[in-house]
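Visitor: Could you look at this predicted model? Sequence included:
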Amino acid sequence: MNELYPVFLKVAQLDTLIVGGGNVGLEKLSFLLKSSPKANVTVLAKEISDEIKAIAAKTENLQLIEAAYDKTYLENRHIVIGATDDKEVNKQIQQDAKAKHLLVNIADTPELCDFYLGGIVTKGNVKIAISTNGKSPTTAKRLRQFLEEVIPDDINEMVENIHQYRDTLKGDFEYKVEALNKLTKELLVK
Ligand SMILES: C[C@@]1(CC(=O)O)c2cc3[nH]c(cc4nc(cc5[nH]c(cc(n2)[C@H]1CCC(=O)O)[C@@](C)(CC(=O)O)[C@@H]5CCC(=O)O)C(CC(=O)O)=C4CCC(=O)O)c(CCC(=O)O)c3CC(=O)O
Ligand SMILES: NC(=O)C1=CN([C@@H]2O[C@H](COP(=O)(O)OP(=O)(O)OC[C@H]3O[C@@H](n4cnc5c(N)ncnc54)[C@H](O)[C@@H]3O)[C@@H](O)[C@H]2O)C=CC1
């Protein structure tokens, strides 16, 4: 059984530090910014790749620090992602983050993670996060691609319409719940 609890973070109002500016750092950064373009992110690495520098040049909310990891860089962060190619450094990041009660993900090292990054499907306001409990990221990716195909693009229109209808409903909470359930009942029948 997958016992992970999914949440949807407002990363624009949190401070995220990614340590490591190579391939894996780039992958984590790209997925984060793809889903949340305004995410407040700092990349810290001894050497930062040209690809990440190019993203930083057009992303105001992305800061770069070209330096070796030190725990002082954990000050004022909420979330830390470790993605260096040095296992000892990654372990140190995890220990320092735990000592400060920060949420930490060490890329590709499930046993050192407080949370996993998931596959993400976005259709307007609708967002679905996918996890295989860390067992098969490739399956998470394939499921993401499958759901992107089969979920209709106009699902967002439906969400917007129901949102507008919800705003017109007068009455107490119970009445609204009933009206919205009645309206959407048929959606599952097919
Ligand atoms: C536990 C987790 C921790 C974390 O990193 O958060 C983790 C761990 C590991 N990843 C590994 C490798 C790969 N990761 C991907 C891809 C993704 N990995 C992602 C998440 C997660 N990866 C978390 C679990 C998520 C869950 O619960 O399912 C996704 C969903 C999101 C994201 O990265 O943002 C993103 C797809 C996004 C998309 O496309 O939608 C591919 C596929 C590819 O790139 O084509 C490969 C190569 C093929 C393979 O190995 O499967 C390895 C082996 C490393 C080695 O061999 O050394 C480990 C370590 C291990 O499994 O032990
Ligand atoms: N590239 C890939 O697709 C995969 C990589 N991995 C593993 O993930 C890890 C990272 O891989 P890559 O990103 O490809 O490596 P990379 O060599 O492209 O990047 C490593 C980054 O870590 C930084 N770094 C190293 N020591 C540091 C320190 N003390 N302080 C700050 N920054 C430091 C480097 O400056 C660089 O930016 C490796 O352990 C690799 O084995 C695992 C699966 C796939």
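Guide: Done, it's in. Ligands and ions are numbered 1, 2, ... in the order given.
Visitor: Shouldn't Tyr5 be within a helix?
Guide: No: Tyr5 is assigned coil when assessed by DSSP: H, G, I helix; E, B strand; the rest coil, not a helix.
Visitor: which residue sits closest to the residue nearest the centre of the chain, ignoring its sequence neighbours?
Guide: When C-alpha atoms, centre = their mean is applied to the chain, the residue found nearest the centroid is Leu32 (5.4 Å). Nearest non-adjacent residue to Leu32, counting by C-beta to C-beta, 6 or more residues apart in numbering: Ala39, 5.3 Å away. Every residue, glycine included, has its C-beta placed from N, CA and C.
Visitor: thought the one you found was touching Ala12?
Guide: Yes: using C-beta atoms under 8 Å as the test, Ala39 is close enough to Ala12 to be in contact (6.0 Å).
Visitor: Give me the phi and psi for the residue of the chain found nearest ligand 2.
Guide: Closest approach between the chain and ligand 2, counting by C-beta to the nearest ligand atom: Gly22, at 1.9 Å. Main-chain torsions, Gly22, degrees, to the nearest 10: phi -100, psi -150.
Visitor: Contacts only, for the residue sitting furthest away from the middle of the chain.
Guide: Distance to the chain centre peaks in the chain at Gly171, reaching 36.3 Å (criterion: C-alpha atoms, centre = their mean). Listed by C-beta atoms under 8 Å, 6 or more residues apart in numbering, the contact set of Gly171 reads Ala179.
Visitor: Figure out the helix or strand that it lives in.
Guide: According to DSSP states H and E, Gly171 maps onto no helix or strand at all.
Visitor: Doesn't the residue nearest to the centre of the chain belong to a strand?
Guide: No: counting by three-state DSSP, Leu32 is not part of a strand but helix.
Visitor: What's the separation between it and Phe173?
Guide: According to C-beta to C-beta, to the nearest Å, Leu32 and Phe173 sit 35 Å apart.
Visitor: ok, now Asp96?
Guide: Taken as C-beta to C-beta, the span from Asp96 to Phe173 is 45 Å.
Visitor: So which bits of the protein are right by ligand 2?
Guide: Residues of the chain found near ligand 2 (C-beta under 6 Å from any ligand atom) are 19-25, 45-47, 68-69, 83-86, 89, 108.
Visitor: how about a cut-off of 8 Å?
Guide: Within the chain, the residues that sit near ligand 2 (C-beta under 8 Å from any ligand atom) are 19-27, 44-49, 67-69, 83-87, 89-90, 107-108.
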